[in-house]
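**Q** what's the 3D shape of this:
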Amino acid sequence: MQEILRQLRELKLSAMALHLEEQIQNPSNQNLSFEDRLELLIHAEVTAKRNRKINRLLKSSKLASNIRLEDIDYDEKRGLKRSHFMSLLRLDFITNHQNIIITGATGCGKTYLASAIGNKACIEGYKVKFIKLPVFLEEMQLSHSNGGFLKLMQQLLQFDLLILDDFGITTISESQRHDLFTIIDDRHKIKSTIITSQLPSKSWHNYLIDPTLADAILDRILSQSTKIELEGQSLRWKDQSTELCNDNKIN
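**A** Numbering: from 1, shown residues only. Next comes the predicted model:
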């Protein structure tokens, strides 16, 4: 038996090896058929591999992993309609390569909601990336000078869901507008993007300044998007004693 355990570990089937040891130590398992015991071993390995994949996706996403979409108490008065919420739970927008626009005042729960959606997507096996957009636009400018721009764009395309947080809170330069267009254009109709912003979407055209580029960016974002306009105070856990977010933590 020790040789079997050794070979399982050599094949990197560590969960199966561990479960086999547990089967041996538990007399009640001796009453199971060979097929049942084998099924339990395979199930243990498959579950372990799935959990490792989820953990990798959550880690690479840069999201806070304790934020769960299922724990949001949706409220239509706050701007989160039941139809939107159920669609988010199913992740329909990712399947259909669509976008989500989340707008609202500081502290209303925009970043929390976007993060909760991102975590749900990771758990379902999608590759997700959370980005603070103002900081990332600065990084993109640096990538032009060090020759890393194309590589950076290729990396972004690997993600099924890209979350661009805090759009419109800082001024945007001409080169940054072009970089933003590149991101949006590359993902148009083939990947999904979530954008959070304090600016209502009707103000985005003026914010982007350049009418031609603004038209091109907004056409690609808004033509395939669901708009969620949050109002009021922060979203909260269904257990009202626990806060989801506040102005000092998450917008």
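**Q** how much space separates the spatially closest residue to Pro200 that is not a sequence neighbour from Glu229?
**A** Among residues not flanking Pro200 along the chain, Thr103 sits closest, at 5.4 Å (CB to CB, 6 or more residues apart in numbering). In short, each C-beta sits where N, CA and C put it, glycine included. For Thr103, the distance to Glu229 equals 5 Å [CB to CB, to the nearest Å].
**Q** so these two - more neighbours on which side?
**A** Thr103 (24 against 15; other CB atoms under 10 Å).
**Q** show me the contacts for that one.
**A** 110, 196-201, 227-230 (CB atoms under 8 Å, 6 or more residues apart in numbering).
**Q** one more time with 7 Å, if that's ok
**A** 197, 199-201, 229 (CB atoms under 7 Å, 6 or more residues apart in numbering).
**Q** most surrounded residue in the residues you listed?
**A** Ser197 (22 neighbours).
**Q** who does the residue nearest to Pro200 form a beta bridge with?
**A** Ser197, Glu229 (DSSP bridges).
**Q** before we move on, what about Ile163?
**A** Phe130, Ile194.
**Q** how is the protein carved up into domains?
**A** What automatic domain parsing lists as the domains of the chain is 2-60, 66-229.
**Q** mean confidence for stretch 29-46?
**A** Per-region confidence: stretch 29-46 scores 86 on mean pLDDT.
**Q** what's the answer for stretch 135-142, then?
**A** If you average the pLDDT over stretch 135-142, you get 92.
**Q** coming back round to it: out of the domains of the chain, which is the most enclosed?
**A** domain 66-229 (a mean of 17; mean count of other CB atoms under 10 Å).
**Q** so where's the stretch 151-251 of the chain shaky on pLDDT?
**A** 233-251 (pLDDT under 70).
**Q** mind doing that once more with 50?
**A** 236-250 (pLDDT under 50).
**Q** and the strands in it?
**A** In the stretch 151-251 of the chain, the strands defined using DSSP state E, counting those that start in this stretch lie at 161-167, 192-197, 225-229.
**Q** residues contacting Ala63?
**A** Actually, residue 63 is Leu rather than Ala. So Leu63 contacts 115, 118-119, 128, 130 (CB under 7 Å, 6+ apart).
**Q** one more: Leu57?
**A** 122, 127-128.
**Q** ok, back up a step: max pairwise distance over the contacts of Thr103: which two?
**A** Leu199 and Glu229 (11.3 Å; CB to CB).
**Q** picking that back up, make JSON lines from the contacts of Leu63 and add pLDDT to it.
**A** Putting the contacts of Leu63 into JSON lines (pLDDT from 0 to 100) gives the following:
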{"residue": "Ser115", "pLDDT": "94"}
{"residue": "Gly118", "pLDDT": "96"}
{"residue": "Asn119", "pLDDT": "96"}
{"residue": "Val128", "pLDDT": "97"}
{"residue": "Phe130", "pLDDT": "96"}
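**Q** please flag which of the residues you listed sit within strands.
**A** Members of the contacts of Leu63 lying in strands (criterion: DSSP state E): 128, 130.
**Q** in CSV, list the contacts of Leu63 along with distance to Phe34.
**A** Formatted as CSV, the contacts of Leu63 follow (distance: CB to CB, whole Å):
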residue, distance to Phe34
Ser115, 46
Gly118, 43
Asn119, 39
Val128, 41
Phe130, 46
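**Q** from the contacts of Leu63, which is closest to Gln30?
**A** Nearest member of the contacts of Leu63 to Gln30, counting by CB to CB, is Asn119, at 41.1 Å.
**Q** the closest one is in contact with Ser65, isn't it?
**A** Yes: with contact defined as CB atoms under 7 Å, Asn119 and Ser65 form a contacting pair (6.4 Å).
**Q** residues that sit against both of those two, list them.
**A** Common neighbours of Asn119 and Ser65 (CB under 7 Å, 6+ apart) are Leu58.
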